[in-house]
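Asks: structural data only, the sequence is not supplied:
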């Protein structure tokens, strides 16, 4: 390899590292969300949460960017909301729950439109369960 090839390869590796770091950050946010929902404690303070209700209470009045969905991508956050639901949900209800969980959306109507578009395109993640209703496929063994 000559110096130019090494430089190109180095740039590709750096781009891969940046992508993986972003993915790792998202996975940590998802893990923290589930830790809170399971009552296993707050990852940032180490303070133990005794119930799932305590974690939900803390996020019920969350401002955008401050709750468990604040650093999770839209697809992953919507999937979590639907997996936790005992029934299919409307797009507007999913959007409301994301905003309550701190998802950084300035406008609920735009989030609803964005969610609808995303869920329509991501047929491997989201399933239409009726007119205006969404769910997620059951996981194998779950």
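Replies: On my side now, so go ahead. Just so it is clear, the model here is predicted, and its values are computed rather than measured.
Asks: only C-alpha atoms from now on, for both contacts and neighbour counts.
Replies: Fine.
Asks: per the record, what domains does this structure have?
Replies: The chain breaks down into these domains under automatic domain parsing: 1-59, 61-142.
Asks: surely residue 99 is in contact with residue 105?
Replies: Yes - judged on C-alpha atoms under 8 Å, residue 99 makes contact with residue 105 at a distance of 6.6 Å.
Asks: next SSE downstream of the helix-or-strand element of the chain with minimal mean pLDDT?
Replies: Within the chain, confidence by mean pLDDT, DSSP states H and E is lowest for helix 52-60 among all helices and strands, at a mean of 37. Note on helix 52-60: by DSSP states H and E, the next helix or strand toward the C-terminus is helix 74-84.
Asks: buried sites along that next one?
Replies: Going by neighbour count (16 or more other C-alpha atoms under 10 Å), the buried part of helix 74-84 is 74, 77-83.
Asks: try stretch 20-31
Replies: Within stretch 20-31, the residues that count as buried by 16+ other C-alpha under 10 Å are 26-27, 29-30.
Asks: now stretch 123-136
Replies: 125-128, 134-136.
Asks: give the contact list for the nearest residue to residue 78 once chain neighbours are set aside.
Replies: Nearest non-adjacent residue to residue 78, counting by C-alpha to C-alpha, 6 or more residues apart in numbering: residue 94, 6.5 Å away. Going by C-alpha atoms under 8 Å, 6 or more residues apart in numbering, residue 94 touches 78, 81-82, 112.
Asks: tell me the one of the residues you listed nearest residue 35?
Replies: Taking C-alpha to C-alpha as the measure, residue 35 lies nearest residue 81 of the contacts of residue 94, at 15.0 Å.
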